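*Asks:* need coordinates for the below:
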Amino acid sequence: MTPFNFQEKLSISFNHLKLHYGVIVLLLSIFCLFYISNDYSDREFEWRLSVKEETTAIVNQVIPYRVWDYEKEKYLNDGYAYIYTFEHPKIGFIHMEYGYTEKQMWKEGDQVTIAYVKDNPYVNLPKGYYDTRSNFIGYNILIILILGCIVFIIQSWRNLRKIVGIVEEGAFVLARLRTHKQITPDEGPVQHVLVFVYTVDDKPYTHYLETVDNPYYLTDEKREVMFYQKGNPEKVYLLDEFPSSYRQRWMEENGEEVKSQFSMIKN
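*Replies:* Residues are numbered from 1 along each chain as shown. As a prediction, the model looks like this:
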């Protein structure tokens, strides 16, 4: 058994990351889409992650939102927005608008306690609303992105354990490359499809491998060392798929056994 060192395990995990980059790109794309389409997302993050201070503001104006009802053919009140003013010790008076509430919460002249971001007082909300507001979605999308990354890391870790377990079991055969085809799509890189054949306990198996990388390292030998899972010989990994440092160390420790297997191959 030839164990992997930490750097080699990290390299394997990174290769797994490359194979599944589409999932990561999708998560990032969803996050960016909502972030860009949300006018308040930058304020949302700043609000959630910053130190806030409180002060008193004066409600200067109450603005009713009116929506036209086509069935009743008249305007209906849909909610209320509020324009208020508060004094900042460095900037002076700041005029802001908060909208909206379904019911009228304040009237002109009311004093309202607000909280504002210490480093950017233009990001502020009335007290009682900044802990429960739901009109900003950027923060929720950030949570989804973080959870997605956590799930992906867990899956990568489980995949690494599975690979290391199979390889370090020590069961291997010498596989032969039967077919190597190149597929050139209209867009994107050239794809290589390699078909290996091998035998475990006198039973033939076939392993298909697809890659967009140059597969010269998988085609440079008459036979390729292939690890298989005991009890499930269809689960395999090629030695040449792993970091060069591990390949060299493994061959130094197992080279004689490889030569022995190779000498017993008839074709």
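*Asks:* buried set for stretch 53-64?
*Replies:* By neighbour count on 16 or more other C-beta atoms under 10 Å, the buried set for stretch 53-64 is Thr55, Ala57, Val59, Val62. Glycine gets a C-beta too; all of them are placed from N, C-alpha and C.
*Asks:* could I get those residues as TSV with pLDDT?
*Replies:* As requested, those are exported to TSV (pLDDT from 0 to 100):
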residue	pLDDT
Thr55	91
Ala57	92
Val59	91
Val62	88
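*Asks:* how near is the nearest residue to Gln191 once chain neighbours are set aside to His192?
*Replies:* Counting by C-beta to C-beta, 6 or more residues apart in numbering, the nearest residue to Gln191 once its immediate chain neighbours are dropped is Ile183, at 4.4 Å. Separation of Ile183 from His192 (C-beta to C-beta, to the nearest Å) stands at 8 Å.
*Asks:* could you do Asp119 as well?
*Replies:* Applying C-beta to C-beta, the value for Asp119 to His192 is 53 Å.
*Asks:* what average pLDDT does the one helix or strand Leu125 maps to get?
*Replies:* Take DSSP states H and E as the rule and Leu125 turns out to sit in strand 120-126. Mean pLDDT, strand 120-126: 83.
*Asks:* can you tell me the strand partners of that strand and which way each runs?
*Replies:* Partners of strand 120-126 in the sheet, by DSSP bridges, are strand 111-117 (antiparallel).
*Asks:* what does the strand it pairs with contact?
*Replies:* 46-47, 50-59, 82, 84, 86, 88, 106, 122-127, 130 (C-beta atoms under 8 Å, 6 or more residues apart in numbering).
*Asks:* show me what counts as buried in that strand.
*Replies:* Using 16+ other C-beta under 10 Å as the test for burial, strand 111-117 gives Val112, Ile114, Ala115, Tyr116, Val117.
*Asks:* list just the nearest of those residues to Gln261.
*Replies:* Among the buried residues of strand 111-117, Val117 lies closest to Gln261 (C-beta to C-beta), at 68.0 Å.
*Asks:* contacts for stretch 199-213, please.
*Replies:* 173, 175, 178, 188-198, 215, 218, 226, 228, 233-234, 236, 238.
*Asks:* so what's Glu97 up against?
*Replies:* Contacts of Glu97 (C-beta under 8 Å, 6+ apart): Ile63, Ala81, Tyr82, Ile83, Tyr84.
*Asks:* quick revisit: just the closest of the buried residues of strand 111-117 to Ile94, please.
*Replies:* Using C-beta to C-beta, Tyr116 comes nearest to Ile94 of the buried residues of strand 111-117, at 8.3 Å.
*Asks:* any stretches of the stretch 151-267 of the chain with poor pLDDT?
*Replies:* Where the stretch 151-267 of the chain drops to pLDDT under 70, the residues are 266-267.
*Asks:* rerun at 90
*Replies:* 151-170, 182-192, 202, 209-222, 230-231, 240-249, 253-267 (pLDDT under 90).
*Asks:* measure the closest residue to Lys103 other than its chain neighbours to Trp106 for me?
*Replies:* Closest residue in space to Lys103, ignoring its immediate chain neighbours: Tyr80 at 7.5 Å, by C-beta to C-beta, 6+ apart. Distance from Tyr80 to Trp106, counting by C-beta to C-beta: 8 Å.
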